[in-house]
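1. Give me the fold of what follows.
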Amino acid sequence: MAEIVVLGAGLGGILATYEILPGLRKEDKLTLIGEEPRYHFVPSNPWVALGWRERREIEVDASAVMRRKKVTYLTQGAQRVDPDRKQVIMNDGGMVGYDYLVIATGPDLAFDEIAGLGPRGHTQSICHVDHAQQAYTAFEALCRKPGPVVIGAAQGASCFGPAYEFAYILDTELRKRRIRDQVKMTFLTPEPYIGHLGLDGVGDTKSLMESEFRNRHIQWVTNARIDTIDADQMAVQEIGGDGAVVRTHTVPYRYAMILPPFRGIAAVREIEGLVNPRGFVLIDRHQRNPAYPEVFGIGVCVAIPPVGPTPVPVGTPKTRFMIESMVTATARNIGRLVRGEKPNARATLNAICLADFGDGGVAFVAQPQIPPRNVNWSAKGKWVHLAKAVFEKYFLRKIRNGESMPFYEKFLLGQLDIQRIREPAEQVQS
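-> Numbers count the residues shown, from 1 in each chain. Next up is the predicted model:
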């Protein structure tokens, strides 16, 4: 019998549980560790933050699904991983042993790295549904007393799409309420140019997104490093290519949403051989950790180098599509290992994204994610907004049903009519 533990009950952890289970033997045991009984569809958080969705519409009772699938689901959360003893120490002092561990925790949100950042400081966040609900309360206060708005991402962030989405959706909602003319909007980002996205751009994302900003009267500052955040203004440094400060900005605001820097979670941070200096899990081509090959990493928690040097630290995003590819490779490899075979599956790590603009949107495909690419495509239109809304319902239905198929790419292939965007995880010999 093999004990398989999945640490993290977000997108990667839920999908990993669904896909690993069918490949196990009858005697094997699968345990999922999370911090709450309900799963929330994070891509819908921008809509929650502006009142376009209610929390109940984007959540699933994951504990009920796991009971149906006969998966042990622990919601105490993990305090520490001990890879030498093959144990996960729980927050309540309990211990869970494993033969194979899949770390799928997502990132730790490093609000503390910038003074005044985050829901406990002066800015809003859409990284968690709790944050999004707080952001909605603050947004309604803004509408009662309009003033300047700042949207963007802090240095060290590894996901930029939601910041762009939120800026465009916020603009749309303010125009619907007929108060857009009373709200000056500024976008701050560590990216070297608008539309970089941590990927050095995809297709024509630079001109597409700059054009949207100009059309919507949104000003921007790139190569931005946020110094401090007070209750009504931010101190921001604009960095040149040589790393020196080009100019400083004092940016006033009544409402601000800034994505935080990402780092690895405390339960794995500073474990030599397991993680890099920022706490992200080191993996090989089979999603295994080189020092502890019984440990797998998938999703935002894994270490992927940036696409190239930038004046301000810019992380590499792990999109939903990439995460599913990692999940599929990991599930296949664990299925082989429990049967005494060698792992042979690799993730394709292509990037596909639908970015909603409220009344339109941009879709992009990067195959592979890191340039040079075989496919480097982007396009915009109202169909993207509609496609994302349809996909939200489709995805949540699949999660509630406990379906293990990798369904994201099948949905997009039907919507975009692009062939061979994602092939099954490549089979290679060790």
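2. where do the helices sit along the stretch 151-300 of the chain?
-> 161-176, 205-215 (DSSP state H, counting those that start in this stretch).
3. Quick one: mean pLDDT over the longest one.
-> If I follow you right, that is helix 161-176. In this model, helix 161-176 has a mean pLDDT of 97.
4. Need the residues that contact that helix.
-> With contact meaning C-beta atoms under 8 Å, 6 or more residues apart in numbering, helix 161-176 is reached by 43, 45-47, 49-52, 126-127, 139, 143, 149, 151-153, 157, 180, 183, 185, 187, 189, 197, 209, 212-213, 216, 218, 257-259, 317, 319, 353, 355-360. All C-beta spots, glycine's among them, are computed from the backbone N, C-alpha and C.
5. and V365, what are its bridge partners?
-> Counting by DSSP bridges, V365 is bridged to I352, W377.
6. Against R320, how distant is it?
-> For V365, the distance to R320 equals 13 Å [C-beta to C-beta, to the nearest Å].
7. and L354, helix, strand or coil?
-> Look at L354: counting by DSSP: H, G, I helix; E, B strand; the rest coil, its state is strand.
8. That one is in contact with L386, isn't it?
-> No: checked against C-beta atoms under 8 Å, the pair L354 and L386 is beyond contact range at 10.0 Å.
9. of those two, who's got more company?
-> When neighbours are counted by other C-beta atoms under 10 Å, L354 and L386 differ, and L354 comes out ahead with 27 against 15.
10. so what's that one up against?
-> Residues near L354 by C-beta under 8 Å, 6+ apart: G361, A363, V384, A387, K388, F391, L412.
11. Among these, which one lies nearest to G340?
-> L412 (36.2 Å; C-beta to C-beta).
12. in the stretch 1-150 of the chain, which spans are helices?
-> Assignment of helices within the stretch 1-150 of the chain using DSSP H, counting those that start in this stretch yields the ranges 11-20, 45-49, 62-68, 129-144.
13. for these, which one sits closest to G201?
-> Short answer: helix 45-49, nearest of these by C-beta to C-beta, at 21.8 Å.
14. Kindly reformat the helices of the stretch 151-300 of the chain as JSON lines and extend each row with mean neighbour count and distance to P37.
-> Shown next, in JSON lines, are the helices of the stretch 151-300 of the chain (neighbours: other C-beta atoms under 10 Å; distance: least, C-beta to C-beta, whole Å):
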{"stretch": "helix 161-176", "mean neighbour count": "23", "distance to P37": "25"}
{"stretch": "helix 205-215", "mean neighbour count": "18", "distance to P37": "38"}
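15. TSV please, covering the ones you listed and showing distance to A16.
-> Listed next are the helices of the stretch 151-300 of the chain as TSV, based on distance: least, C-beta to C-beta, whole Å:
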stretch	distance to A16
helix 161-176	22
helix 205-215	30
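16. and of those helices, who's closest to N333?
-> Checking the helices of the stretch 151-300 of the chain against N333 by C-beta to C-beta gives helix 161-176 as the closest, at 28.6 Å.
17. could you check the angle strand 351-356 makes with the closest one?
-> Helix 161-176 and strand 351-356 are oriented at 20 degrees to each other (axes from the mean of the first three to the mean of the last three C-alpha atoms, to 10 degrees).
18. mind saving the C-alpha coords of helix 161-176 as CSV?
-> This file holds the C-alpha atoms of helix 161-176, laid out as CSV (Å, rounded to 0.1, in the frame of the first residue of the first chain):
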residue,chain,number,x,y,z
GLY,A,161,-3.3,39.1,-15.6
PRO,A,162,-5.7,39.7,-12.7
ALA,A,163,-4.3,43.2,-12.1
TYR,A,164,-5.0,44.1,-15.8
GLU,A,165,-8.4,42.4,-15.6
PHE,A,166,-9.4,44.3,-12.5
ALA,A,167,-8.3,47.7,-13.9
TYR,A,168,-10.4,47.2,-17.1
ILE,A,169,-13.4,45.7,-15.2
LEU,A,170,-13.3,48.6,-12.7
ASP,A,171,-13.3,51.1,-15.5
THR,A,172,-16.3,49.3,-17.0
GLU,A,173,-18.2,49.4,-13.8
LEU,A,174,-17.4,53.0,-13.1
ARG,A,175,-18.7,54.0,-16.5
LYS,A,176,-21.9,52.0,-15.9
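19. circling back to that earlier point, could you work out which of the helices of the stretch 151-300 of the chain reaches nearest to A132?
-> helix 161-176 (9.8 Å).
20. any idea how far the closest one is from the chain center?
-> How far helix 161-176 lies from its chain's middle: 18 Å, per C-alpha atoms, centre = their mean, to the nearest Å.
21. Stretch 202-211 now?
-> Here stretch 202-211 is found 21 Å from its chain centre; the criterion is C-alpha atoms, centre = their mean.
22. Mind listing residues that contact it?
-> 164, 193-197, 351, 362, 364-366, 376-380.
23. Now the buried members of the residues you listed.
-> Neighbour-count burial (16 or more other C-beta atoms under 10 Å) applied to the contacts of stretch 202-211 gives 164, 193-197, 351, 362, 364-366, 376-378, 380.
24. Among the contacts of L354, which one has the most neighbours?
-> G361 (25 neighbours).
25. For that residue, give me its contacts.
-> Counted by C-beta under 8 Å, 6+ apart, G361 has contacts L354, A355, K380, G381, K382, W383, V384, H385, A387, K388.
26. Now with 10 Å, please.
-> Contacts for G361 were tallied using C-beta atoms under 10 Å, 6 or more residues apart in numbering; they are 164-165, 168-169, 212, 353-355, 379-388.
27. contacting residues around the nearest residue to Y73 once chain neighbours are set aside?
-> Excluding its sequence neighbours, the residue lying closest to Y73 (C-beta to C-beta, 6 or more residues apart in numbering) is M66, at 3.9 Å. Applying C-beta under 10 Å, 6+ apart to M66 gives the contacts 9, 14, 17-18, 21, 30-32, 34, 37, 72-74, 402.
28. Then E3?
-> D28, K29, L30, T31, T72, K86, V96, G97, Y98, D99, Y100, L101.
29. please redo it, this time with the cut-off set to 7 Å
-> E3 makes contacts with K29, G97, Y98, D99, as judged by C-beta atoms under 7 Å, 6 or more residues apart in numbering.
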